[in-house]
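Visitor: mind folding the following:
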Amino acid sequence: MPVAPSVANLNICMGQRTGSADLPLHGGRVPEWLASRMARLGRVITEAIVHHYGRQEFLRRLAHPFWFQSFGAVMGMDWHSSGITTSVLGALKRGLAPVEWELGLHVCGGRGRHSRKTPEELVAAGERAGFDGAALARASRLVAKVDSAAIQDGFALYLHGFLVADDGSWTVVQQGMNTDRRQARRYHWLSENLKSFVDEPHSAIEGRPHGTIVNLTDRRAARSREAQVELVQRPDLVLATLRKLQPAPSPAPEAQQQLLPHLQLPEHHEVRADDVLLRRLQGTLAAAAERGPQDFPELLLTPGVGARTVEALASVAEVIHGTPCRFSDPARYSLAHGGKDGHPFPVPLKVYDETLRVLRTAVDQARIGNDDRMAAIRRLDEQARGLEQTATGPTFEAFIEKEKQASPAWGGMTVMGPAKAPRLAAKRPRLVTGQMVFPRMPRPRSD
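Guide: You can find the predicted model right below:
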């Protein structure tokens with residue numbers, strides 16, 4: 001195992017693991033009608049966050065597993081599956097490509113063969129932007145090695161995304177697969193406050209207990225790491241060491257770090273009431289009803305923009321402005337634009353496109369000094385939080401049923417094609433002693 005490099009040798013901001021996520025392993029693909037929209041929405045949300053809070057804050061958001069999942073859900077991806085990682089990174093790479101030099105944010109790597117191109121992409125970006133791309137390429141390889149070799153938890157890495165800013169700060173999002181358990185595990189790294197890649201670099205390594213693991217990054221494994229280096233440097237010590245070996249105790253189970261973020265999503269595919277904090281949903285709906293007409297009078301006069309679009313904007317506003325504690329129920333953000341698989345309801349393309357148009361206009365106006373519309377979107381988020389304690393509204397089931405019924409009118413789409421409104425369940429006749437007995441109709445009154 002290589003000795004941890006010094007900060008001076010790397011000449012970059014070092015990083016630490018900021019959290020992890022366990023996700024059900026799902027197959028499938030993202031259709032082009034959604035992929036193109038995800039790229040546009042990912043870009044405009046990124047631009048809004050950078051405008052308000054700066055590039056470093058955007059990197060911090062990506063390094064938080066709950067925010068990352070909510071980000072993907074609000075873009076219309078399956079709210080809980082492993083595919084959200086690939087699709088979000090792909091959307092950012094595609095969406096930010098035209099403005100990466102203007103924003104000073106670069107997305108490198110990806111899935112499979114694209115992950116192996118990360119070092120050369122970092123070197124190329126560094127030569128143009130002025131940061132040490134070679135040092136970052138080494139950091140990329142080390143991060144991947146730590147989560148695949150130094151920590152052996154049964155998940156084989158297949159995706160590695162490296163996002164870097166012009167000042168050399170970075171975030172890594174990578175994902176491993178365990179086909180036997182049909183699970184994926186996502187690892188998040190951030191280039192802050194790390195002194196070593198190999199001595200407890202993680203802020204969190206969490207997941208469901210599955211037996212024992214090998215964790216050479218544990219501080220208690222320092223002597224083991226040193227011994228491995230000695231054995232490589234002194235082959236003659238190998239036989240002598242083997243003679244002295246005693247039966248080793250079983251490795252300690254994976255350490256639990258309860259105070260650090262870990263996202264554990266369920267197996268069920270549909271969005272259920274207990275996946276969503278209802279008071280937050282009702283606060284969002286109430287804010288859309290109260291704040292929309294006040295802050296968006298011009299937009300509401302535009303054909304196609306109304307209460308449903310403002311509801312979606314309220315969820316997007318929270319993704320832009322919300323604090324970490326707001327993202328404990330990422331399923332709630334799927335209620336903005338639905339999901340490509342039809343859960344919680346088909347993606348309403350008309351609403352999605354109006355959300356994009358409103359955000360695009362607001363960001364473009366902000367770039368030339370007119371922050372009125374961006375400020376209105378921010379007030380939408382503030383209003384939602386303020387109304388949570390007092391707002392009332394529909395039940396979760398009633399909200400979902402209303403969206404499904406309205407889906408054809410909103411241009412609802414799934415991977416299977418255009419949505420159709422579900423039929424209302426009809427009462428079935430009762431079967432009594434072999435005869436069909438229908439409910440009696442009331443007799444007409446003779447008076």
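Visitor: from here on, contacts and neighbour counts on C-alpha atoms
Guide: Noted.
Visitor: remind me, longest helix of this structure?
Guide: Taking DSSP state H as the criterion, the chain has its longest helix at helix 32-53.
Visitor: I'd like the mean pLDDT over that helix, please.
Guide: In this model, helix 32-53 carries a mean pLDDT of 96.
Visitor: helices and strands around that helix, which ones?
Guide: helix 55-62, helix 83-96, helix 307-321, helix 349-367 (3 or more CA pairs under 8 Å, 6 or more residues apart in numbering; DSSP states H and E).
Visitor: so which of these comes closest to Ser36?
Guide: helix 83-96 (7.8 Å; CA to CA).
Visitor: who touches that closest one?
Guide: Contacts with helix 83-96, where a contact means CA atoms under 8 Å, 6 or more residues apart in numbering, come from 25-27, 30, 35-36, 38-40, 42-43, 69, 71-73, 77-78, 105-108, 110-111, 159, 161, 175, 186.
Visitor: take the residues you listed and keep only those in helices.
Guide: Among these, DSSP H puts 35-36, 38-40, 42-43, 69, 71-73 in helices.
Visitor: what's the PyMOL line that selects buried ones from the residues you listed?
Guide: Buried residues within these, by 16 or more other CA atoms under 10 Å, are selected in PyMOL with:
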select buried, resi 35+38+39+40+42+43+69+71+72+73
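Visitor: out of the ones in helices among the contacts of helix 83-96, flag the one nearest to Val271.
Guide: Val271 has its nearest neighbour among these in Ala73, at 11.3 Å by CA to CA.
Visitor: and Thr414, how far from Asp341?
Guide: Thr414 sits 5 Å away from Asp341, going by CA to CA, to the nearest Å.
Visitor: distance check, the spatially closest residue to Lys117 that is not a sequence neighbour against Trp67.
Guide: Leaving aside its chain neighbours, Lys117 sits nearest to Gly109 (5.9 Å; criterion: CA to CA, 6 or more residues apart in numbering). Computed as CA to CA, the Gly109 to Trp67 distance reads 21 Å.
Visitor: and the two? which has more neighbours close in?
Guide: A side-by-side neighbour count of Gly109 and Trp67, using other CA atoms under 10 Å, places Gly109 first with 27 against 24.
Visitor: who is the more buried one paired with across the strands?
Guide: With DSSP bridges applied, Gly109 shows beta-bridge pairing to Gly161.
Visitor: for it, which residues are in contact?
Guide: By CA under 8 Å, 6+ apart, the contact list for Gly109 reads 115-118, 121, 160-162.
Visitor: who wins for neighbours among these?
Guide: Each of the contacts of Gly109 was scored by neighbours using other CA under 10 Å; the highest score is His160's, at 30 neighbours.
Visitor: max pairwise distance over the ones in helices among the contacts of helix 83-96: which two?
Guide: Counting by CA to CA, the most remote pair of the ones in helices among the contacts of helix 83-96 is Ser36 and Gln69, 18.9 Å apart.
Visitor: how many residues are close by Pro422?
Guide: Here the number of neighbours of Pro422 (other CA under 10 Å) works out to 12.
Visitor: so where's the stretch 151-300 of the chain shaky on pLDDT?
Guide: Within the stretch 151-300 of the chain, the stretches with pLDDT under 70 are 152, 194-260, 266-267, 269, 273, 275, 279, 281, 284-285, 287-300.
Visitor: against Thr86, how distant is Arg113?
Guide: Where Thr86 is concerned, Arg113 sits at a distance of 13 Å (CA to CA).
Visitor: for the two, indicate the residue with more neighbours.
Guide: The neighbour count for Arg113 versus Thr86, taken as other CA under 10 Å, is higher for Thr86 (19 against 12).
Visitor: and Phe155, which of the helices and strands packed on helix 32-53 is closest to it?
Guide: Among the helices and strands packed on helix 32-53, the nearest to Phe155 by CA to CA is helix 83-96 (15.1 Å).
Visitor: mind listing what's buried in the closest one?
Guide: Neighbour counts over helix 83-96 (16+ other CA under 10 Å) mark 83-96 as buried.
Visitor: alpha carbons only: can I get the helix or strand just after that helix in PDB?
Guide: Downstream of helix 83-96, the next assigned helix or strand under DSSP states H and E is helix 100-103. Written as PDB, here are the backbone C-alpha positions of helix 100-103 (Å, rounded to 0.1, in the frame of the first residue of the first chain):
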ATOM      1  CA  GLU A 100     -17.800  24.700 -18.200                       C
ATOM      2  CA  TRP A 101     -15.100  27.300 -18.900                       C
ATOM      3  CA  GLU A 102     -17.500  30.100 -18.100                       C
ATOM      4  CA  LEU A 103     -18.600  28.400 -14.800                       C
END
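Visitor: show me what helix 100-103 is packed up against.
Guide: Applying 3+ CA pairs under 8 Å, 6+ apart, we find helix 100-103 packed against no helix or strand.
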